[in-house]
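Participant: Sharing a sequence plus its predicted fold:
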Amino acid sequence: MPASRRALLIAAAAGGLAAGCGTDSPPPGGSTPTGAGTAGGVAPSPAGDPSPAGQAAASPTVGPVAVRRTTFASTARGRHVDMVVVAPVPTGAPATAGAGELPVCLVLHGRGDNADRAVGLLGLDAHLTAALATGTAPFALVTLDGGETYWHRRASGDDPEGMIIGEVLPRLAAQGLRTDRIAATGWSMGGYGALLLARRHPDLVVAVAASSPAMWHSYRASAPGAFDSAADFAEHAILGTPPVPGVAYRIDCGEADPFHSVSREAADALQAQERNFGPGGHTPAYWSAAIPAQLAFLGHELARAARAPGRSGG
C-alpha cells in the first residue's frame, strides 16, 4: 500500500495502485469477477459505446495527473477511512498543490474493494490522463472507503452516505475543488451506490455512469448482507423508479454479466442518455474498458452544469 499522504506525478502510461477485485454475490448461476484490469493501462471502449456530443475543451493549463491519498477519522462510519484524489494539476505546480476549482466525480467501489485498490483496479490515473489528452474538460476523480455497506446507512450505524455529504465533500471543498454539483460513477455495488446517491440527493448529483450496477427485484433475491431488511431494501430501491430531473445517466453492462437484464431495465426506466450492453462480463477488464466513454460523458455533463446559471464553486 502506498505511503499515506504521498503524491505521485504520473504520465499516461504509468501504473496505478495495487489492484484488487470486488464481488457482489450475483444471483445463483451468475458469474463473479474473475479477471484483473490492466492497472494504469488504457483499455479500448467496449463495442457499441456511443460518443457524447459537444465535449468541452480541456484547459490549456492542465498538466500532469497527481494521485493523493489521505486518511481521516469518519464519525459517520465510526472508523478511519482512506480517500484518494486523482486530479490534473496546473502546469508547473507541485503535486501537493490544490486542484483549483475542478469539479468532482466520486468513484464508488464494488464489494470487497476500497479506495486504494479502486485506483489500480481500473487504471483511473492513466484513464483520466488519456481523457484529458482527448479534450475532455478536466475534473477530479475521488475514491473513498465504503466497506460492504451498499453505500447507504445500515442498522449498525455505519453511514457511508452521511460520510460523503458531511465529511468527504467539505474536505474536498477545503482543497479548492468544486462540490456544489458533482458526478458519481462506480461498478457493481458502487454502480448501484452512484445511482442511489443521485436519487437521494437530486440537487447535488448532475450525472451518473454506472457499470454493472448490483440490483435485484426483491429483498429475498438480493445478495446476503446488501440490505438489513425488506424495509431497508424498499427504502433504497432503484429498479422501477423514474429518472431524477436534471440528472444525466449512462449505464454499461456486459452481455455475460448476471446484472445484464436489470441494467437494461434500469437504463430504460431512467431514460439513460447513453448505454452499452455489448460483449463482456462482471469483471474489472470490462469496467476498465468502459471508462474512456464514461469519463467523456461525465466530463461533458460536469462542464455543462458549471455553465448553468446560478451555480458557484465550493
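Facilitator: Done, it's in. The model shown is predicted, which means the values in this text are computed figures rather than measured ones.

Participant: show me where the chain has helices.
Facilitator: Along the chain, the stretches classed as helices by DSSP state H are 115-122, 124-133, 160-163, 169-174, 189-200, 230-235, 260-269, 284-307.

Participant: buried ones in the last one?
Facilitator: So that's helix 284-307. Of all the residues in helix 284-307, those buried under the rule 16 or more other Cβ atoms under 10 Å are 284-306. All C-beta atoms are positioned from the backbone trio N, CA, C, and that covers glycine.

Participant: next one: the second one
Facilitator: Buried residues in helix 124-133, counting neighbours by 16+ other Cβ under 10 Å, are found at 124-132.

Participant: Could I get the average pLDDT for it?
Facilitator: Regarding helix 124-133, the rounded mean pLDDT is 95.

Participant: pLDDT below threshold where in this protein?
Facilitator: Using pLDDT under 70 as the threshold, the predicted model of the chain has low-confidence ranges 1-63, 90-100, 309-314.

Participant: the strands in this protein, which residues?
Facilitator: Listed in chain order, the strands of the chain (DSSP state E) span residues 8-10, 62-74, 79-90, 104-108, 140-144, 182-187, 205-211, 248-252, 274-276.

Participant: Endpoints of stretch 145-155, how far apart?
Facilitator: 18 Å (Cα to Cα, to the nearest Å).

Participant: cool, and stretch 197-216?
Facilitator: End residues of stretch 197-216 are separated by 17 Å (Cα to Cα).

Participant: just stretch 119-126 next, same as before
Facilitator: Across stretch 119-126, the straight-line distance between its terminal residues is 10 Å, by Cα to Cα.

Participant: what's the answer for stretch 104-119, then?
Facilitator: Distance between the boundary residues of stretch 104-119 (Cα to Cα) amounts to 15 Å.

Participant: Use 399 as the first number from now on
Facilitator: Sounds good: first residue 399 from here, last item stretch 502-517.

Participant: Can you report how many residues lie near residue 485?
Facilitator: Number of residues near residue 485 (other Cβ atoms under 10 Å) recorded here: 24.

Participant: show me the residues around the nearest residue to residue 591 once chain neighbours are set aside that make contact.
Facilitator: Sequence neighbours aside, residue 549 is the residue nearest to residue 591 in space, at 2.9 Å (criterion: Cβ to Cβ, 6 or more residues apart in numbering). Contacts were defined as Cβ atoms under 8 Å, 6 or more residues apart in numbering; by that measure residue 549 touches 506, 558-559, 584, 587-588, 590-592, 594-595.

Participant: so which of those residues comes closest to residue 469?
Facilitator: Proximity of these to residue 469 was ranked by Cβ to Cβ; the top entry is residue 558 with 15.7 Å.

Participant: Now the closest one: closest residue in space that isn't a chain neighbour?
Facilitator: Take residue 558 and drop its neighbours on the chain: the residue closest to it by Cβ to Cβ, 6+ apart is residue 544, 4.5 Å away.

Participant: List the contacts of the one you found.
Facilitator: Applying Cβ under 8 Å, 6+ apart to residue 544 gives the contacts 506-507, 512, 558, 587-588, 591.

Participant: Could you identify the most distant pair in those?
Facilitator: Taking Cβ to Cβ as the measure, the contacts of residue 544 span a maximum distance of 13.7 Å, between 512 and 591.

Participant: Compare neighbour counts for those two and give me the winner.
Facilitator: In this view residue 512 and residue 591 are compared by other Cβ under 10 Å, and residue 591 has more residues nearby, 32 against 19.

Participant: can I assume the more buried one is in contact with residue 548?
Facilitator: Yes. The pair residue 591 / residue 548 is scored as a contact, 6.5 Å apart, by Cβ atoms under 8 Å.
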